[in-house]
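# make a model of this:
(chains A, B, C and D)
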There are 2 protein chains.
Amino acid sequence: MVHRRDAAATREAILRAGVEAFTRSGYDGVGVREIAASAGVTAMLVNRYFGSKEGLFAEVVDVSVAERTVLGSDPRTLARDIASALVRRTAPEADTLDPFLLALRSAANPRAAEILRAGIEKHVEKHAVEVSRAPRPNVAIALALINGFWLMRKVIGSTALNEADEPTLAETLEQLFQILLDTPRVPLSAVGALAGRRELGKTR
Amino acid sequence: MVHRRDAAATREAILRAGVEAFTRSGYDGVGVREIAASAGVTAMLVNRYFGSKEGLFAEVVDVSVAERTVLGSDPRTLARDIASALVRRTAPEADTLDPFLLALRSAANPRAAEILRAGIEKHVEKHAVEVSRAPRPNVAIALALINGFWLMRKVIGSTALNEADEPTLAETLEQLFQILLDTPRVPLSAVGALAGRRELGKTR
DNA sequence: CGCTAATGTCTACACCCGTAGACTTGAGCA
DNA sequence: TGCTCAAGTCTACGGGTGTAGACATTAGCG
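Numbers count the residues shown, from 1 in each chain, chains lettered A, B, ... in the order given. Next up is the predicted model:
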């Protein structure tokens, strides 16, 4: 039987409303009253369960960053997995609820940015580095490429990216990720193909 | 003779304070009182000269995107030029006054975003430049990498990027840009070095 | 049933915001 | 010298913010 007073469910509802609201409007763009209302409760309950608006935001960042990861796949196919997932998720018809938007729209507030930084780094530290033996700055650059691609395709709406052939797009990205993540035993032929895929059919 | 009451100079001071404040904190992150104070006047004078906060923001966007430096360069060194400029301009100690930051930090507010979009398109239309003969999607991906790198390093403040060795960072980025922009006559040695620069030393 | 503690609401406070309108000040000119 | 009007300030208003503390409600249990 479903209780009308269910603390766990209420907490979950607030959290989900927070994810939706913060992603849509950014940290400063939404008030706790609005979040609470869309969860069907009062503003004070937000503080009751999450301590403060910042506390809720921190947890929103945590679940947002955590639940959308492609990592954990086979290191040998990591670059391809990331590339194809990125192209698929940034397709024009995909839903717009994404941690990248959360970061983009909340980054203006220094306190929110600090929470974001901590949440992202915690995630990077936890999952990314242990999957790939790549140097940490390279992992960060890969993340930058992901975010930038997201920005151009989904926020700016770059026609060059939206009208491009998606498999080709994914292939190009895969090559970049492969370099950054330094996938073990990259076939040399692939490396050559990537540098001059029109001219280098013959190895000297 | 310098008048203590100089309308043009006062207007200029407010505008420059606006550029600084909006770029640093975003549209919602700063109030007209703060902008006015840092220009040495009262909040109401902002409205007197610019009509409203939005009016000031529109003019700030206008001058910010107008004075953006154009990147023209030898195609053979384009990748390196972009990479080094990117690393240099996103250094932690670099001044943070950039139209990209202005856009990023203000994009959360829909009204500000609309003003931004209008201002950017007005100037893009005026200064559209052909950068490279590379496939257009690749140029867009390069732009995505630039923007993402900027986001991660300057806005989020990724420690992995800020603590990394800058020459190495620039080198990695250069390799990526070289692939994307398909610079003619890529030296094969550079391609090999890029694919496995730690493991492939045995061929020396 | 009656008690208790968890669950949720209400009121209030202190502060911020953008801006409208009345007011004061001073520079340039006759 | 006196006048005039632009330049700049002051006060205030209506509304929004996050959140602290007192209050009300209900579920679970003896």
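# now for the closest residue in space to A:E174 that isn't next to it in sequence, how many residues are close by?
Distances taken as CB to CB, 6 or more residues apart in numbering or on different chains put A:A83 closest to A:E174, at 3.9 Å, once the chain neighbours are dropped. Where C-beta positions appear, they are placed from N, C-alpha and C, glycine not excepted. By other CB atoms under 10 Å in any protein chain shown, 24 other residues sit near A:A83.
# A:A83: what's it in contact with?
By CB atoms under 8 Å, 6 or more residues apart in numbering or on different chains, the contact list for A:A83 reads A:170-171, A:173-174, A:177.
# compare these and tell me which has the most neighbours.
Tallying neighbours with other CB under 10 Å puts A:F177 at the head of the contacts of A:A83, with 25 neighbours.
# helix or strand for that residue, which one?
helix A:166-181 (DSSP states H and E).
# how close does the residue nearest to A:E174 get to A:E171?
To A:E171, A:A83 is 7 Å away according to CB to CB, to the nearest Å.
# can you give me the mean pLDDT across stretch A:38-52?
Average pLDDT, stretch A:38-52: 93.
# tell me the residues of chain A that contact DNA strand D?
Within chain A, the positions adjacent to DNA strand D are A:3-5, A:30-34, A:43-44, A:47, A:52-54 by CB under 7 Å from any atom of the strand.
# buried subset of those residues?
The neighbour-count test (16 or more other CB atoms under 10 Å in any protein chain shown) marks A:30, A:32, A:53 as buried among the residues of chain A next to DNA strand D.
# check contacts around the last one.
Meaning A:K53. Counting by CB under 8 Å, 6+ apart, A:K53 touches A:32, A:46-47.
# quick one: these as CSV, columns for secondary structure and distance to A:A107 too.
As requested, those are exported to CSV (DSSP: H, G, I helix; E, B strand; the rest coil; distance: CB to CB, whole Å):
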residue, secondary structure, distance to A:A107
A:V32, helix, 20
A:V46, helix, 22
A:N47, helix, 24
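# ok so, going back, just the element for the residue nearest to A:E174, please.
Using DSSP H and E, A:A83 falls in helix A:78-89.
# low-scoring stretches of chain A, by residue?
For chain A, the stretches flagged by pLDDT under 70 are A:1-4, A:67-73, A:96, A:126-133, A:183-204.
# so it: which segments form each domain?
A:7-58, A:68-195 (automatic domain parsing).
# out of these, nearest to DNA strand C?
domain A:7-58 (3.1 Å; CB to the nearest atom of the strand).
# count of neighbours near A:R11?
Counted with other CB under 10 Å, A:R11 comes out at 18.
# got phi/psi on it?
Dihedral pair for A:R11: phi -60, psi -40, per degrees, to the nearest 10.
# surely it touches A:V46?
No. In this structure A:R11 lies outside contact range of A:V46 using CB atoms under 8 Å: 9.8 Å.
# going along the chain, name the helices of chain A.
Assigned by DSSP state H, the helices in chain A fall at A:7-25, A:32-38, A:43-50, A:53-67, A:78-89, A:99-106, A:110-123, A:129-131, A:136-150, A:159-162, A:166-181, A:188-195.
# quick one: the residue in chain A that chain B sits nearest to and DNA strand D, what's the gap?
Nearest to chain B, among the residues of chain A, is A:G148, at 2.4 Å (CB to the nearest CB). Look at A:G148 and DNA strand D: by CB to the nearest atom of the strand, to the nearest Å, they are 29 Å apart.
# quick one, what contacts that residue?
Counting by CB under 8 Å, 6+ apart, A:G148 makes contact with B:143-151.
# and what of A:S84?
With CB under 8 Å, 6+ apart, A:S84 has these contacts: A:170, A:174.
# next one: the one 4 residues further on
If you count contacts by CB under 8 Å, 6+ apart, A:R88 has them with A:A94.
# ok, and the closest non-adjacent residue to the residue of chain A closest to chain B?
B:G148 (2.4 Å).
# if we can go back for a sec, adding distance to A:P92 as columns, could you present the contacts of A:K53 in CSV?
Converted to CSV, the contacts of A:K53 look like this (distance: CB to CB, whole Å):
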residue, distance to A:P92
A:V32, 33
A:V46, 34
A:N47, 39
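# B:V19: which of these is nearest?
A:V32 (31.9 Å; CB to CB).
# sorry, back to before: kindly identify which of the contacts of A:A83 also come near DNA strand C.
Checked against DNA strand C using CB under 7 Å from any atom of the strand, those yield no neighbours at all.
# which residues does A:R16 contact?
Contacts for A:R16 (CB under 8 Å, 6+ apart) come out as A:A39.
# how close does it sit to A:A7?
15 Å.
# ok, now A:P137?
43 Å.
# and stretch A:149-160, how far out from the chain middle?
Chain-centre distance of stretch A:149-160: 15 Å, with CA atoms, centre = their mean, to the nearest Å.
# which positions within it qualify as buried?
Across stretch A:149-160, burial judged by 16+ other CB under 10 Å covers A:149-156, A:158, A:160.
# among those residues, which are within reach of DNA strand C?
Counting by CB under 7 Å from any atom of the strand, no member of the buried residues of stretch A:149-160 is near DNA strand C.
# any chance of CSV for those residues, columns distance to B:A21?
Converted to CSV, the buried residues of stretch A:149-160 look like this (distance: CB to CB, whole Å):
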residue, distance to B:A21
A:F149, 30
A:W150, 28
A:L151, 24
A:M152, 27
A:R153, 30
A:K154, 28
A:V155, 23
A:I156, 24
A:S158, 29
A:A160, 33
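# check contacts around the closest residue to A:T90 other than its chain neighbours.
Nearest-residue entry for A:T90: A:R153, 4.4 Å, with adjacent residues in sequence omitted and distances by CB to CB, 6+ apart. By CB under 8 Å, 6+ apart, A:R153 lies in contact with A:90, A:92, A:161-162, B:144.
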